[in-house]
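>>> structure for the following, please:
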Amino acid sequence: MFEVDFKILNQKGTPAIHASTLATRPAAGFVGRLFVATDSPYGVFRDTGTAWVQVASNGGGGGSSTGVNGLNGTTNIGLGGTLANFTQINGNTNSLTFRGIDTFTIDQTNNIDIKSIPSAGVAGGRLNLTSTKTDLFFGLTGVSSSTLNITAARIKSLYGIGQIGLDLNFGSGKFVLGDYNNDQKYNSIVVKDTTDEFYFTTSYNQANTDQDLFYAINSSAGSRFVKIGDFNAYQNNISLVVDDSNYRIFTTGSNANKGFYLDFDNEIYTFGDNNAEIICDNLSQSIKLNTNNLLLSGTITDIVPPPINPLYLIVNVNGNDYKILMNRI
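The predicted model follows:
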């Protein structure tokens, strides 16, 4: 009669083999024993006496591999040479794919530089990350390239050699949309959060180096006004000011306040300038005319005969009273 011998010949260090599902694997403690996992992802483990160590996996035909020889995130792997073809490293839900990449470098200070493969006439895109900033670049080199620069306290865009587009400076509290570095035409919208200011800047050419159009401030220090026009005295200082904190509205000129000045707090309303002005004082119920030369235009007619009870308009000029004969028509 024939008999089959199922005994294992322990030639060196493998006294037993156990096969079952991974969930039913016995506890370690039998030095040299091998365990064969019969369920996915399969594998062979060796009993060290205190723990199970995986020594093989399914490894068939390019299938997935998990934890082979301890390569499960705890072992350093040294790679050399060049990956000439498309390479994909897939780690379950996370993957690292190299496709359409010209260069991908990570240096010893953890700086990362990724450059895409350029097409005809286009330099392509580039992402550069360092410990202090991130640059995202796309386009041709020179004037037609655009870049987004991100640092710890600032986000800004650049185009060619100019700093234009968007500048969010969280460190200084200044946020600008437009030509924020005055590299082209100085057109921008500016919000200065730290100083409670808001203004527009505009210019038809790069020679205009100052803000000019609209300005507003509302600060805790008591400044609360809006200014429209040449608010930075770039050319003629012509502007209209609505000063809510001081209860007034006035215009400005190149020399002094000109045009009109409405003082609602003191109820004094002025039209003109220092040499020729009309002042309406509501509190004193008076109208004052300041001028060195009063001109009245019209036709003067003699009254013949003069009226028995004439009426006169009394006018005080420089401290002297003058009478103007009035005639009812």
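
>>> number of nearby residues for the closest residue to residue 103 other than its chain neighbours?
Nearest non-adjacent residue to residue 103, counting by CB to CB, 6 or more residues apart in numbering: residue 115, 4.6 Å away. From N, CA and C alone the C-beta is placed, and that goes for glycine too. By other CB atoms under 10 Å, 17 other residues sit near residue 115.

>>> going forward can the numbers begin at 33, since that is how I track them
That works, and once the first residue is 33, the last one we named lands at residue 147.

>>> helix or strand for residue 147, which one?
For residue 147, the element it lies in under DSSP states H and E is strand 144-148.

>>> partner strands of that strand, parallel or antiparallel?
strand 133-138 (antiparallel), strand 157-161 (antiparallel) (DSSP bridges).

>>> now that strand: mean pLDDT?
In this model, strand 144-148 carries a mean pLDDT of 78.

>>> OK, contacts around residue 76?
By CB atoms under 8 Å, 6 or more residues apart in numbering, the contact list for residue 76 reads 66-69, 86-89.

>>> surely it is in a strand?
Yes. Assessed with DSSP: H, G, I helix; E, B strand; the rest coil, residue 76 lies in a strand.

>>> could you check how far it is from residue 68?
Going from residue 76 to residue 68 by CB to CB, to the nearest Å gives 6 Å.

>>> quick revisit: in the strand holding residue 147, what's buried?
146-148 (16 or more other CB atoms under 10 Å).

>>> contacts for it next, please.
So strand 144-148 is in contact with 132-138, 156-161, going by CB under 8 Å, 6+ apart.

>>> equivalent analysis for stretch 293-300, please.
Stretch 293-300 is contacted by residues 278-283, 301-302, 311-315 when judged by CB under 8 Å, 6+ apart.

>>> among these, which pair sits farthest apart?
For these, the farthest-apart pair by CB to CB is 283 and 315; their separation is 22.8 Å.

>>> neighbour count: the two, which is higher?
residue 283 (16 against 8).

>>> tell me the secondary structure at the more buried one.
strand.

>>> nearest residue to residue 182 in space, please, no chain neighbours.
residue 166 (4.3 Å).

>>> list the buried residues in the helix or strand that contains the one you found.
Remark: residue 166 resides in strand 165-171, with elements defined by DSSP H and E. By 16+ other CB under 10 Å, the buried positions in strand 165-171 come out as 167, 169, 171.

>>> stretch 77-86 too?
Buried, per 16+ other CB under 10 Å, within stretch 77-86: 77-79, 84, 86.
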